[in-house]
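Student: Predicted model and sequence follow; I will ask about them next.
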Amino acid sequence: MPPSCCGYLSQYTHHHLVVFLLTFFSYVLLHASRKTFSNVKVSISAQWTPSFQNGSAFSPGETWDNNCMFSDESNATLFLGALDSIFLFSYALGLYLSGVVGDRFNLRYVLCFGLCGSAVVEFMFGTLTEWLHIYNIYVYCILWVVNGLLQSAVWPSVVAVMGNWFGKQGRGFVFGLWSACASVGNILGAFLASSVLKYGYEYAFLVTSVIQFAGGVVVFFGLLTSPKEIGLSSESETGLSAVETDSDSHRPLMSDEEEEEEDDDGGDNEDEVEVEDEPLPATPRAVTFCQAFCLPGVLPYSLAYACLKLVNYSFFFWLPFYLSNNFGWKEAEADRLSVWYDVGGILGGTVQGLISDLMGKRAPVLAISLALAMGALVGYSNSPNDQVINAALLAATGFFIGGPSNMISSAISADLGRQEALRGSQQALATVTGIVDGTGSIGAAFGQYLVSLIESNLGWMCVFYFFIVMTGGSILFISPLLFKEVRAMWRDRQALRRQL
């Protein structure tokens with residue numbers, strides 16, 4: 001029987017808690033600043049269109065006429081969608097590269113560089129251009145490409161650090177709880193943006209970028225990337241199964257093989273002493289990108305995540321804009337209401353991660369949640385103009401979409417990067433995480449432009465139909481793994497019945 005979640009937590013030291021919190025809040029701050037762009041799209045669109053189109057009084061009329069980039073709101077909306085796609089394409093490309101870099105260089109340096117560099121670029125994009133009245137399409141595109149490349153260094157690094165500290169046992173629950181960092185960041189970003197939006201959208205970028213830069217400095221001086229840095233490299237030293245030997249670390253939950261039994265207790269004590277006195281093996285070399293891509297399970301989960309991240313990031317980028325335009329709610333109200341999607345994602349990732357730990361399988365939990373997500377999307381697409389009902393439907397949708405998204409990007413990526421095929425080389429966690437998240441980001445990049453295109457020509461209802469199809473695609477891609485794990489569960493049940 002798997003141990004309880006209290007049993008999981010009792011294994012960890014204060015070092016694990018510090019690592020958990022530092023990596024958690026690193027990505028919270030990154031997502032808070034990333035969320036700012038989606039929260040201020042209405043204000044940016046107004047700033048980029050002439051005064052007679054937007055009817056706003058933020059700036060004098062002559063300033064609007066001199067600096068507007070688009071003739072109407074529709075063109076501005078298409079460019080905002082193009083910026084989302086530009087960011088995600090560069091982010092995806094960076095993930096493929098930064099995962100490889102993270103397995104070869106100090107993760108603390110890579111993480112700090114991504115956080116601080118991205119904060120500087122976001123300040124230039126949202127604040128400096130507005131202060132200097134620089135309204136140029138090419139400037140915005142170049143800055144957003146650089147921002148995507150810099151931000152891509154963060155996620156593979158934090159997942160690799162967490163994978164170094166937290167082992168297979170309880171990984172679904174721990175990573176499910178930890179992967180709420182993105183949703184918490186979305187909530188924080190929404191509240192920060194809505195609180196200063198009345199002063200101008202440039203101050204929303206200013207606040208989040210300054211906080212993110214400060215967080216990068218804290219990470220640089222405070223993060224331990226591996227237990228080995230403080231001498232906790234073996235179970236005998238820590239007393240923790242969480243910082244485990246390689247044999248435990250490399251066994252993912254998706255494997256159908258039973259764990260090998262330990263050597264008999266009748267072994268020679270002298271042999272045991274000799275093993276303990278042997279020098280530690282050299283640091284294993286990192287796997288290549290192609291080797292990581294060909295690992296079992298990486299391709300199907302990557303393709304499933306491409307479909308799922310398209311839907312999840314469409315809510316991330318467009319939800320406040322949709323609420324404001326479709327229901328006529330104020331931008332600040334739409335920002336605050338959108339956080340209920342992230343609340344559902346936090347609960348979904350934690351609960352589903354715990355269930356997958358107790359079952360010993362990931363794919364069945366994902367498939368059931370995604371099937372229910374399709375129904376939740378149908379329900380939310382027909383939401384009435386009532387904020388309470390809308391919030392409840394948003395939370396349910398976030399639970400069934402955000403939960404699986406968090407699981408694939410964290411716990412399952414860690415499983416894939418620590419599986420049996422990597423016995424000879426542990427250095428694959430960041431590379432595998434980069435491949436999974438990078439492929440997901442490519443799907444999301446295509447999706448963001450398609451969302452703006454479909455909405456402009458067919459309306460929001462067709463956008464939700466598109467989301468339902470993509471969610472079904474996620475189930476289709478993991479179906480081979482689903483059938484494999486269901487068969488394994490059936491065989492285990494039959495074997496148990498025979499024993500009884």
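Tutor: That came through fine.
Student: mean confidence for stretch 186-206?
Tutor: In this model, stretch 186-206 carries a mean pLDDT of 85.
Student: Give me the contacts around that stretch.
Tutor: Stretch 186-206 has contacts (CB atoms under 8 Å, 6 or more residues apart in numbering) with 28-29, 31-36, 39-40, 43-44, 47, 58, 122-123, 125-127, 130-131, 207-208, 211, 316, 320, 331-332, 335-336, 338-339, 341-343. Where you see a C-beta, it was placed from the backbone N, CA and C, and this is true even at glycine.
Student: hmm, try it at 6 Å
Tutor: Residues outside stretch 186-206 that contact it (CB atoms under 6 Å, 6 or more residues apart in numbering): 31-32, 35-36, 39-40, 43-44, 122, 126-127, 130, 207-208, 332, 335-336, 338-339, 342.
Student: That stretch: which residues count as buried?
Tutor: By 16 or more other CB atoms under 10 Å, the buried positions in stretch 186-206 come out as 186-194, 196-197, 200-206.
Student: Could you find the closest non-adjacent residue to Arg362?
Tutor: Leaving aside its chain neighbours, Arg362 sits nearest to Ser356 (4.8 Å; criterion: CB to CB, 6 or more residues apart in numbering).
Student: what's the helix or strand for the one you found?
Tutor: Assigned by DSSP states H and E, Ser356 falls within helix 339-359.
Student: C-terminal to that helix, what's the next element?
Tutor: helix 363-381.
Student: Now for this structure, the helix or strand with the poorest mean pLDDT.
Tutor: helix 235-238 (a mean of 36; mean pLDDT, DSSP states H and E).
Student: so Tyr91 makes contact with Ser441?
Tutor: Yes: applying CB atoms under 6 Å, one finds Tyr91 in contact with Ser441, separated by 4.9 Å.
Student: Low-confidence regions, the stretch 101-250 of the chain specifically.
Tutor: 102-103, 168-172, 232-250 (pLDDT under 70).
Student: Check which helices and strands the helix holding Ser356 is in contact with.
Tutor: Where contact means 3 or more CB pairs under 6 Å, 6 or more residues apart in numbering; DSSP states H and E, helix 339-359 is packed against helix 171-178, helix 181-196, helix 363-381, helix 387-407.
Student: rerun that using 8 Å as the cut-off
Tutor: helix 171-178, helix 181-196, helix 298-327, helix 363-381, helix 387-407 (3 or more CB pairs under 8 Å, 6 or more residues apart in numbering; DSSP states H and E).
Student: Tell me which helix or strand the closest residue to Leu323 other than its chain neighbours sits in.
Tutor: Ranked by CB to CB, 6+ apart and with sequence neighbours excluded, the top spatial neighbour of Leu323 is Ala334, at 3.8 Å. Element membership of Ala334, judged by DSSP H and E, is helix 331-337.
Student: Check which residues of that helix are buried.
Tutor: Buried, per 16+ other CB under 10 Å, within helix 331-337: 331-332, 334-337.
Student: could those residues go into TSV alongside distance to Thr471?
Tutor: Below are the buried residues of helix 331-337 laid out as TSV (distance: CB to CB, whole Å):
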residue	distance to Thr471
Glu331	28
Ala332	30
Ala334	23
Asp335	25
Arg336	26
Leu337	22
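Student: As TSV, those with distance to Val146 and pLDDT would be great.
Tutor: Formatted as TSV, these follow (distance: CB to CB, whole Å; pLDDT from 0 to 100):
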residue	distance to Val146	pLDDT
Glu331	27	74
Ala332	29	75
Ala334	29	83
Asp335	26	78
Arg336	30	80
Leu337	32	85
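Student: Go through those residues and say which is closest to Tyr135.
Tutor: Glu331 (20.2 Å; CB to CB).
Student: what number of residues lie near the residue lying closest to that closest one once chain neighbours are set aside?
Tutor: Once flanking residues are discounted, Glu331 sits nearest to Val42: 4.7 Å by CB to CB, 6+ apart. Residues lying near Val42 (other CB atoms under 10 Å) number 23.
Student: OK, contacts around Val42?
Tutor: Residues in contact with Val42, defined by CB under 8 Å, 6+ apart, are 320-321, 324-325, 331.
Student: Of the residues you listed, which one scores lowest on pLDDT?
Tutor: For those, the model is least confident at Glu331; its pLDDT is 74.
Student: how close does that one sit to Leu323?
Tutor: Applying CB to CB, to the nearest Å, the value for Glu331 to Leu323 is 9 Å.
Student: what angle do the longest helix along the chain and helix 298-327 make?
Tutor: Looking across the chain with DSSP state H, the single longest helix is helix 460-499. Relative orientation of helix 460-499 and helix 298-327, computed by axes from the mean of the first three to the mean of the last three CA atoms, to 10 degrees: 140 degrees.
Student: tell me the angle of helix 460-499 relative to helix 339-359?
Tutor: Per the same axes, to 10 degrees, the angle that helix 460-499 makes with helix 339-359 is 20 degrees.
Student: name the helices or strands packed onto helix 460-499?
Tutor: Here helix 460-499 touches helix 298-327, helix 363-381, helix 429-457, going by 3+ CB pairs under 8 Å, 6+ apart.
Student: For Val486, which of those helices is the nearest?
Tutor: helix 363-381 (6.2 Å).
Student: Check the offset of that closest one from the chain's centre.
Tutor: 19 Å (CA atoms, centre = their mean, to the nearest Å).
Student: Which residues belonging to it are considered buried?
Tutor: 363-370, 372-374, 376-377, 380-381.
Student: residues in contact with it?
Tutor: 254, 304, 308, 311, 348, 352, 355-356, 359, 390, 393-394, 396-397, 399-401, 403-404, 407-408, 460-461, 464-465, 467-468, 471-472, 474-475, 478-479, 481-482, 484-486, 489.
Student: give me that answer again for 7 Å
Tutor: 352, 355-356, 359, 393-394, 396-397, 400-401, 403-404, 407, 461, 464, 467-468, 471-472, 474-475, 478, 481-482, 485-486 (CB atoms under 7 Å, 6 or more residues apart in numbering).
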